[in-house]
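Peer 1: Make a model of this:
(chains A and B)
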Amino acid sequence: EAQVTQNPRYLITVTGKKLTVTCSQNMNHEYMSWYRQDPGLGLRQIYYSMNVEVTDKGDVPEGYKVSRKEKRNFPLILESPSPNQTSLYFCASSLLGQGAGNNQPQHFGDGTRLSIL
Amino acid sequence: DQQVKQNSPSLSVQEGRISILNCDYTNSMFDYFLWYKKYPAEGPTFLISISSIKDKNEDGRFTVFLNKSAKHLSLHIVPSQPGDSAVYFCAAREYGNKLVFGAGTILRVKS
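Peer 2: Residues are numbered from 1 along each chain as shown, chains lettered A, B, ... in the order given. Purely as a prediction, here's the structure:
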């Protein structure tokens, strides 16, 4: 089954304790992206990756890191989490980047709810 | 400043009637628009899309209309079914690699 898998689904942790949210897709997609969803703000892009070893900042990258060493995996790293990073996070992937000429929609994982105390 | 706005946080519709969800945008460089549906505890799933060169796209019960001069798009669901109850996100693509999402509209279809 084609899917985007995020782990963990839920996490409660404390300020400053490094954490990683994993994301894996089995569709051989080149493009992957991380979003956070906050009430009244919709989904905002954190980072995206056009392909292996190619990553770039989205709208709200502060406090986050990503890596793309393999095509299928795109982990989100919070080196020193803070309470304002409490949110619902989604990983997404698509066959190609979202540029003109490519109308492949993004496929989303089921989300990771992070609470930073 | 939000470039994509869904001004109705929620909408309640009777089963069998039409649901109309609205979305306004400010960036005239958006070239592609999408609607996603999201159920609780799941990720958004793609519903329907429209290119900026078109004004209508239809897929079964779902139709998206685009009015470029007004920078407005809408999603029509006819007839509405209880299973359509979900959060609907409007999204717009900037030339490049980014989707910009609205805040979402909660649709409740009453049986």
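Peer 1: what's across from residue A:76 in the sheet?
Peer 2: residue A:21, residue A:66 (DSSP bridges).
Peer 1: for it, what are its contacts?
Peer 2: With contact taken as Cβ atoms under 8 Å, 6 or more residues apart in numbering or on different chains, residue A:76 is in contact with A:20-21, A:23, A:34, A:46-47, A:64-66, A:89, A:91. For every residue, glycine as well, the C-beta is placed using N, CA and C.
Peer 1: For chain B, list the residues in contact with chain A, please.
Peer 2: Residues of chain B lying close to chain A (Cβ under 8 Å from any Cβ of the partner chain) are B:2, B:4, B:6, B:31-32, B:34, B:36, B:41-46, B:49, B:51, B:89, B:91, B:93, B:95-99, B:101-104.
Peer 1: Next step: those residues restricted to strands.
Peer 2: Using DSSP state E to define strands, the subset of the residues of chain B next to chain A located there is B:4, B:32, B:34, B:36, B:45-46, B:49, B:51, B:89, B:91, B:93, B:98-99, B:101.
Peer 1: So among those, where is pLDDT lowest?
Peer 2: The weakest per-residue confidence within those falls on residue B:98 (76).
Peer 1: so it makes contact with residue A:44?
Peer 2: No. Using Cβ atoms under 8 Å as the test, residue B:98 is too far from residue A:44 to be in contact (10.3 Å).
Peer 1: got any residues that touch both of those two?
Peer 2: With contacts taken as Cβ under 8 Å, 6+ apart, residue B:98 and residue A:44 have A:58-59 as neighbours in common.
Peer 1: Low-confidence stretches in chain B?
Peer 2: The model of chain B has pLDDT under 70 over residues B:95-97.
Peer 1: For chain A, give me its nearest residue in it.
Peer 2: Residue nearest to chain A within chain B: residue B:43 (3.3 Å; Cβ to the nearest Cβ).
Peer 1: about what we covered before: list buried residues within the ones in strands among the residues of chain B next to chain A.
Peer 2: The neighbour-count criterion (16 or more other Cβ atoms under 10 Å in any protein chain shown) marks B:4, B:32, B:34, B:36, B:46, B:49, B:89, B:91, B:93, B:98-99, B:101 among those as buried.
Peer 1: Wasn't residue B:22 part of a helix?
Peer 2: No. According to DSSP: H, G, I helix; E, B strand; the rest coil, residue B:22 belongs to no helix; its state is strand.
Peer 1: What score does residue A:97 have for pLDDT?
Peer 2: Model confidence at residue A:97, given as pLDDT, is 58.
Peer 1: hang on, the earlier thing: ok, how many other residues are close to the closest residue to the residue of chain B closest to chain A other than its chain neighbours?
Peer 2: For residue B:43, ignoring the flanking residues on the chain, the nearest one in space by Cβ to Cβ, 6 or more residues apart in numbering or on different chains is residue A:108 at 3.3 Å. Using other Cβ atoms under 10 Å in any protein chain shown as the criterion, residue A:108 is surrounded by 23 other residues.
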